[in-house]
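**Student:** Turn this into a model:
(chains A and B)
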Amino acid sequence: MRQEKSVVQINHVDFSYDGALCLEDIVLSVQEGDFLGVVGPNGSGKTTLLKIILGLIHPLRGKVEVFGETPERARHLIGYVPQHADLDASFPISVMDVVLIGRLGKSPLFGRYRKGDRQSAEEAMQEAEVHDLRNRRFGTLSGGQKQRVLMARALVGRPELLLLDEPTASIDGRVEQDIYELLKRLNESVTIILVSHDLGFISTYVNRVACVNRRLACSHTEHITGDVIEACYSGPVHMLKHKCEL
Amino acid sequence: MLEFFAVLRDHTFMQNAVVIGLLASVACGVMGTYVVVRRIVFISGGISHTVLGGMGIAYYYGFNPLHGAVVTALFAAIVIGLISLRYHQYEDTIIGALWAVGMAVGILFIYKTPGYNVDLMSYLFGNILMVKTESIRVLGYLDGLIILSVLLFHKRFMAVCFDEEYSKLQGIGVVSTYLLLLCLVALTVVILIQVVGIVMVIALLTLPAATARLYARSLVQMMIIASILGAVFTSSGLIVSYEPNLPAGATIVVIAGLAYLLATAVKGLSTRFHGRGNK
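**Tutor:** Predicted coordinates:
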């Protein structure tokens, strides 16, 4: 049995873009070793929630703590895997150089990356099974390969918390399964929060699910029922507050 | 063509022109690569046009317009950079305003400067054959500064250009890195103004790099290819324009444009050909 240690603690957080409230009264606590799936329809605020945990944006109200610190201070413990579609596929950059960006904060201010940085990058690529692609141009890879490269970049900083934004968007089923198997393996040592619009597949891998649709409802996987999901996607969301186990 | 080489052998102005062309090629190849991959062509255009204001003011008060250009270019780079980071949604409007107002200020000051009226055309369209020998030294220093900065900061520039958000998460100063990059672009703009003038700076900043991107596998490769292309374009522009007495800047730009068009067509055809071959 793992020792219960709080990794992410979100208390009554509101967030708005240009005055429109897109996250309301979010309460969420993630424990060490959790594999949390965050689901919800498009535009429900899932990515916003991730960015709040990363400290890239700040909530209107409420408090966010990661490893007991502000998100900015805890950043070196977080690995982040953004959506690969947001990156410019025509950018001439090798897989190795993409992964090395994960060492940027730890490498010297001037000049090239150190030998140790390259070694860590090689190890991370092996872990994410993309080592043989290291000299390829990032833009020429398939969606699944890009996803693994971005995972390697997140892993190269030896994170204790891994955040993934739609890691299986535009990826076919078999590759999707491979990626989840990899995540499951990583979860043995790393806490994972994963955002997805597709609940069906992730429920077999995650141990908890949070439904976001402006508000948030959380549940252990064994308690997920059709009602929960339906309510999250289409039904009146306030009903879910009562099921939240936090 | 023989006549060109005879002039090159005997006259300093042509030797200066070739040297300036080569200095400019290095700057445009290296910084143009960042401009193209980071898609800050419009920002660079804004910086270069704002520069006329500084050149006009310097000219009016009897300073070297080149110094005015350096100061204004750096100022414009920082202002535009901060705007593009903080108020992204108004970026193009504000750059457009600076672009036009900068030029207007320059024109007013040049117009009111007493005495023999400077050839406004040479600021706007460049006159590489008229560049003074003393300017070469200044441009050499600028080139050295650009190369040194890139050697020191390339890995950060690359990271910020490719994935700004992730660089921020790495805890590096994304704002300062981006502003430094824009300041180097500004210095490059000043060099290029000597060659092709304010109006055509964008061509030299983007065309060699954009052509290089078609074949380069990495940013460093792209910089090297773009610098070589820049040298070829400026030198051949000087050669082609000399005998028919064409404006050198415009000739260089047309050559660069044709080369880009040709390279794109060849690339397109070869991709299509390969695509069929694989099926």
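**Student:** Could you pull out the strands in chain A for me?
**Tutor:** A:6-17, A:20-31, A:35-39, A:61-66, A:78-81, A:161-165, A:191-196, A:208-213, A:215-220 (DSSP state E).
**Student:** TSV please, covering the ones you listed and showing distance to A:R134, mean neighbour count and mean pLDDT.
**Tutor:** For every residue, glycine as well, the C-beta is placed using N, CA and C. Output for the strands of chain A, formatted as TSV (distance: least, CB to CB, whole Å; neighbours: other CB atoms under 10 Å in any protein chain shown; pLDDT from 0 to 100):
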stretch	distance to A:R134	mean neighbour count	mean pLDDT
strand A:6-17	31	18	89
strand A:20-31	32	18	87
strand A:35-39	28	25	90
strand A:61-66	31	17	93
strand A:78-81	18	26	94
strand A:161-165	21	23	94
strand A:191-196	24	24	92
strand A:208-213	35	24	84
strand A:215-220	39	21	71
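**Student:** Of those strands, which is nearest chain B?
**Tutor:** Chain B lies closest to strand A:78-81 among the strands of chain A, at 5.9 Å (CB to the nearest CB).
**Student:** Off-centre distance for the closest one?
**Tutor:** 6 Å (CA atoms, centre = their mean, to the nearest Å).
**Student:** how about that strand against chain B, any contact?
**Tutor:** Yes - Strand A:78-81 is in contact with chain B by CB under 8 Å from any CB of the partner chain, via A:I78, A:Y80.
**Student:** Out of the strands of chain A, which is closest to B:M222?
**Tutor:** Among the strands of chain A, strand A:78-81 comes nearest to B:M222, with 27.0 Å by CB to CB.
**Student:** Could you spell out the sheet neighbours of the closest one, each with its direction?
**Tutor:** strand A:161-165 (parallel) (DSSP bridges).
**Student:** relative to strand A:35-39, how tilted is the strand it pairs with?
**Tutor:** 30 degrees (axes from the mean of the first three to the mean of the last three CA atoms, to 10 degrees).
**Student:** Tabulate the strands of chain A (JSON lines), appending distance to A:E181.
**Tutor:** Formatted as JSON lines, the strands of chain A follow (distance: least, CB to CB, whole Å):
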{"stretch": "strand A:6-17", "distance to A:E181": "23"}
{"stretch": "strand A:20-31", "distance to A:E181": "22"}
{"stretch": "strand A:35-39", "distance to A:E181": "13"}
{"stretch": "strand A:61-66", "distance to A:E181": "27"}
{"stretch": "strand A:78-81", "distance to A:E181": "16"}
{"stretch": "strand A:161-165", "distance to A:E181": "14"}
{"stretch": "strand A:191-196", "distance to A:E181": "13"}
{"stretch": "strand A:208-213", "distance to A:E181": "19"}
{"stretch": "strand A:215-220", "distance to A:E181": "22"}
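**Student:** measure the nearest residue to A:T168 once chain neighbours are set aside to A:I202 for me?
**Tutor:** Leaving aside its chain neighbours, A:T168 sits nearest to A:E176 (4.3 Å; criterion: CB to CB, 6 or more residues apart in numbering or on different chains). The gap separating A:E176 from A:I202 is 10 Å, by CB to CB, to the nearest Å.
**Student:** So between those two, which is more surrounded?
**Tutor:** A:I202 (23 against 18; other CB atoms under 10 Å in any protein chain shown).
**Student:** Surely that one and A:V39 touch.
**Tutor:** Yes - look at A:I202 against A:V39 with CB atoms under 8 Å: they come within range, at 7.2 Å.
**Student:** Name the residues contacting each of the two.
**Tutor:** Taking CB atoms under 8 Å, 6 or more residues apart in numbering or on different chains as the criterion, A:I202 and A:V39 both touch A:S196, A:V209.
**Student:** mind listing what's buried in the strand or helix carrying B:A186?
**Tutor:** Assigned by DSSP states H and E, B:A186 belongs to helix B:174-196. Within helix B:174-196, the residues that count as buried by 16 or more other CB atoms under 10 Å in any protein chain shown are B:174, B:177-196.
**Student:** can it be found next to chain A?
**Tutor:** No - shown here: helix B:174-196 not in contact with chain A (CB under 8 Å from any CB), separated by at least 10.2 Å.
**Student:** helices or strands up against that helix?
**Tutor:** helix B:12-38, helix B:41-60, helix B:65-86, helix B:133-162, helix B:164-169, helix B:201-213, helix B:248-278 (3 or more CB pairs under 8 Å, 6 or more residues apart in numbering or on different chains; DSSP states H and E).
**Student:** nearest to chain A, of those helices?
**Tutor:** The nearest among the helices and strands packed on helix B:174-196, by CB to the nearest CB, is helix B:133-162 at 4.5 Å.
**Student:** ok, and does the closest one reach over to chain A?
**Tutor:** Yes - applying CB under 8 Å from any CB, one finds helix B:133-162 touching chain A at B:L151, B:L152, B:F153, B:K155, B:R156, B:M158, B:A159, B:C161, B:F162.
**Student:** Could you tell me the angle between the direction of that helix and that of helix B:12-38?
**Tutor:** Going by the same axes, to 10 degrees, helix B:133-162 makes 10 degrees with helix B:12-38.
**Student:** Do you know the pLDDT at the residue nearest to A:I57 when sequence neighbours are not counted?
**Tutor:** Spatial nearest neighbour of A:I57, excluding adjacent residues (CB to CB, 6+ apart): A:K51 at 4.8 Å. As predicted, A:K51 sits at a pLDDT of 92.
**Student:** pLDDT-wise, which helix or strand of chain A ranks last?
**Tutor:** None of the helices or strands of chain A scores lower by mean pLDDT, DSSP states H and E than helix A:226-233, at a mean of 59.
**Student:** what does chain B give?
**Tutor:** helix B:120-125 (a mean of 82).
**Student:** Whichever residue of chain A sits closest to chain B and A:V156, how far apart?
**Tutor:** In chain A, the residue found nearest to chain B is A:G105; the distance is 3.7 Å by CB to the nearest CB. To A:V156, A:G105 is 11 Å away according to CB to CB.
**Student:** For chain A, what lies in contact range of chain B?
**Tutor:** Residues of chain A lying near chain B (CB under 8 Å from any CB): A:54, A:56, A:75-76, A:78, A:80, A:82, A:87-88, A:90-94, A:97-98, A:100-102, A:104-105, A:107, A:110-113, A:137, A:153.
**Student:** hang on, the earlier thing: run a quick neighbour tally on the residue of chain A closest to chain B.
**Tutor:** A:G105, neighbours per other CB under 10 Å, totals 15.
**Student:** Could you double-check that it sits in contact with B:G171?
**Tutor:** Yes - look at A:G105 against B:G171 with CB under 8 Å: they come within range, at 4.4 Å.
**Student:** re earlier: which of the residues of helix B:133-162 next to chain A lies closest to A:K63?
**Tutor:** Nearest member of the residues of helix B:133-162 next to chain A to A:K63, counting by CB to CB, is B:A159, at 30.8 Å.
**Student:** Enumerate every residue touching residue 161.
**Tutor:** If you meant another chain, say so; for now it's chain A. A:7-8, A:30, A:66-67, A:74, A:77-79, A:190-193.
**Student:** Chain B is the one I meant
**Tutor:** B:C161 neighbours (CB under 8 Å, 6+ apart): A:F91, B:Y34, B:V37, B:R38, B:L181.
**Student:** Residue numbers of chain B in contact with chain A?
**Tutor:** B:37, B:151-153, B:155-156, B:158-159, B:161-163, B:165-172, B:213, B:216-219, B:221-222.
**Student:** of those residues, buried ones?
**Tutor:** By the neighbour-count criterion of 16+ other CB under 10 Å, the residues of chain B next to chain A include these buried positions: B:37, B:153, B:155-156, B:158-159, B:161-163, B:165-170, B:172, B:213, B:216, B:218-219, B:222.
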